[in-house]
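Participant: output the structure for:
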Amino acid sequence: MPDLRRGTIDTVLGELTLVANGDNLRALYFPGHWHLPDSSTFGADVDATNDEYFQTVKVELDEYLAGQRTQFTIAVQPQGNDFSQEVWALLQEIPYGETMTYGEIAQQLGNKHLAQRVGQVVGRNPVSIIIPCHRVIGSDGSLTGYAGGLDRKRFLLELEEPAEVTETRLF
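Facilitator: Model prediction:
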């Protein structure tokens with residue numbers, strides 16, 4: 001099995017492309033994903049159904065998408081500069097079922113004026129879902145851009161929504 005490889009898995013959100021280096025997930029892309037890098041950087045194409053690691057990723061994703069998992073054990077290895085790594089690390093600290101704004105993340109980084117730059121990095125998160133960029137919303141509570149589309153972002157946020165909130169929603 002090559003160390004750097006890609007494969008696809010089927011989920012309720014569509015066919016996802018996984019890119020791994022050994023047992024580290026480098027990327028998870030939706031169909032029509034924004035900011036998709038050149039596929040030549042994805043490594044060798046493998047059959048994900050015959051790749052033990054990709055099957056582990058699929059099991060954890062399926063459990064999460066079924067509401068049976070709130071944390072992932074999958075090691076991630078996103079590729080990016082130091083600032084991007086810092087933002088992606090902060091995203092991983094947002095608890096299941098909670099959200100933060102781009103401005104709040106910028107403040108955690110020590111400069112509230114970095115909100116737009118934070119937004120650019122969040123939008124280029126290469127390991128969607130597992131690095132939970134869907135938990136980042138606009139300062140007014142609105143759903144803002146999501147590389148997998150706003151319908152998927154809404155689905156993921158509703159999946160994580162606490163039961164008491166769901167029960168009081170009128171729609």
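
Participant: centre-most residue in the chain?
Facilitator: Nearest to the geometric centre of the chain sits residue 128, at 1.8 Å (Cα atoms, centre = their mean).

Participant: dihedrals phi and psi, that residue?
Facilitator: Per-residue torsions, residue 128: phi -50, psi 160 (degrees, to the nearest 10).

Participant: that one is in contact with residue 136, isn't it?
Facilitator: No: counting by Cβ atoms under 8 Å, residue 128 does not reach residue 136; the two are 11.7 Å apart. All C-beta atoms are positioned from the backbone trio N, CA, C, and that covers glycine.

Participant: who's in contact with the residue nearest to the centre of the chain?
Facilitator: Applying Cβ atoms under 8 Å, 6 or more residues apart in numbering, one finds that residue 128 lies in contact with 28-30, 33, 134, 147-148.

Participant: state whether residue 26 is indeed within a helix.
Facilitator: No: checked against DSSP: H, G, I helix; E, B strand; the rest coil, residue 26 lies outside a helix; its state is strand.

Participant: just confirm it contacts residue 127, I think it does.
Facilitator: Yes: contact criterion Cβ under 8 Å: residue 26 and residue 127 qualify, at 7.3 Å.

Participant: ok, now how distant is the residue nearest to the centre of the chain from residue 11?
Facilitator: As judged by Cβ to Cβ, to the nearest Å, residue 128 and residue 11 stand 11 Å apart.
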